[in-house]
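J.: what would the 3D arrangement of this be:
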Amino acid sequence: MKLITKELPTSVEEVTDDGEVVAYLSTFENSDKVGDVIARGAFDDFLMSFDPEVTKLPMLYGHQNTKLIGEWVDLKVDDTGLIGRGVIYKETTQGADVHALLKRKALSAVSIGFRSNDYESLSSGGRQFNKVELVETSIVLNPCNPAAEILSVKSDDGLIAVSDLKSVLRNAGLNRAEIEALFNDGWVGIKQLRSSEEVEEKSEDIFNILNEFKF
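T.: Numbers count the residues shown, from 1 in each chain. Purely as a prediction, here's the structure:
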């Protein structure tokens, strides 16, 4: 089977000083620029057989086999997609460079390399992949989907930078005035700018985003 690479709406969520990284490796039912999507349950068979003690899942830079920068040691799925916990090889020159670039937000996404013989064509022109076998994942510079971006990086003291959290909220649909109202007065402040019906429609999504952060 041919190796397929996809930069779907994925994100690095956490990078620690010792090189541990947590990221969405893929998201479900979100299309990339060519209309391809990953179906829910697509990783289930792979996860059942995944054992990092037996076979490592490599972390590459830019899908280049000569640029091994780490490995993924734990995988799990949630309602959004596939979450990976990995370790960057900071003792290598390339690994140290990528780690520094991630901390500076100069790199923006995670891309997956996989094989699949279970997919179907969509009316949009893309494909829906129903079963995939992960081969590698890569830290990449230019994501295929513009929604793929770094959501947050912990500072040295382990806290989330306010500017990073505000960026996440902007991407979730809040405007600048609403974000400032949220930080200053909570949901009461936003309700002064919106009708309560609009707030209720958006509140669940934003609470889910906030719950992903470890304060």
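J.: residue ranges with poor pLDDT in this protein?
T.: Scanning the chain for pLDDT under 70 picks out the ranges 1, 6-11, 13, 108, 142-174, 185-215.
J.: all helices in the protein, in order from the N-terminus.
T.: All helices of the chain, identified by DSSP state H, fall at 44-49, 93-103, 162-171, 176-191, 196-212.
J.: tell me which residues in the second one are buried?
T.: Residues Q94, G95, V98, H99, L101, L102, K103 are the ones in helix 93-103 that count as buried (16 or more other Cβ atoms under 10 Å). The way it works is simple: take the backbone N, C-alpha and C, and place the C-beta from them, glycine included.
J.: what packs against it?
T.: The contact analysis (3 or more Cβ pairs under 8 Å, 6 or more residues apart in numbering; DSSP states H and E) places helix 93-103 against strand 11-15, strand 64-77, strand 81-88.
J.: now that helix - C-alpha only, PDB.
T.: Coordinates of each C-alpha in helix 93-103 appear next as PDB, following Å, rounded to 0.1, in the frame of the first residue of the first chain:
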ATOM      1  CA  THR A  93      20.800  18.300  17.000                       C
ATOM      2  CA  GLN A  94      17.700  18.000  14.900                       C
ATOM      3  CA  GLY A  95      15.500  17.100  18.000                       C
ATOM      4  CA  ALA A  96      16.900  20.000  20.000                       C
ATOM      5  CA  ASP A  97      16.300  22.400  17.100                       C
ATOM      6  CA  VAL A  98      12.700  21.300  16.600                       C
ATOM      7  CA  HIS A  99      12.000  21.500  20.300                       C
ATOM      8  CA  ALA A 100      13.300  25.100  20.400                       C
ATOM      9  CA  LEU A 101      11.100  26.000  17.300                       C
ATOM     10  CA  LEU A 102       8.000  24.400  18.900                       C
ATOM     11  CA  LYS A 103       8.600  26.400  22.100                       C
END
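J.: in stretch 134-143, what's buried?
T.: For stretch 134-143, by 16+ other Cβ under 10 Å, it's L134, V135, E136, T137, S138, I139, V140, P143.
J.: dump the C-alpha coordinates for it into CSV.
T.: The C-alpha coordinates for stretch 134-143 follow below in CSV (Å, rounded to 0.1, in the frame of the first residue of the first chain):
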residue,chain,number,x,y,z
LEU,A,134,0.0,4.7,11.1
VAL,A,135,3.5,4.5,9.8
GLU,A,136,5.0,7.7,11.2
THR,A,137,4.1,11.2,12.3
SER,A,138,5.9,14.4,11.5
ILE,A,139,6.3,17.9,12.9
VAL,A,140,5.7,20.1,9.9
LEU,A,141,6.0,23.8,9.1
ASN,A,142,3.1,24.4,6.7
PRO,A,143,-0.1,22.5,7.5
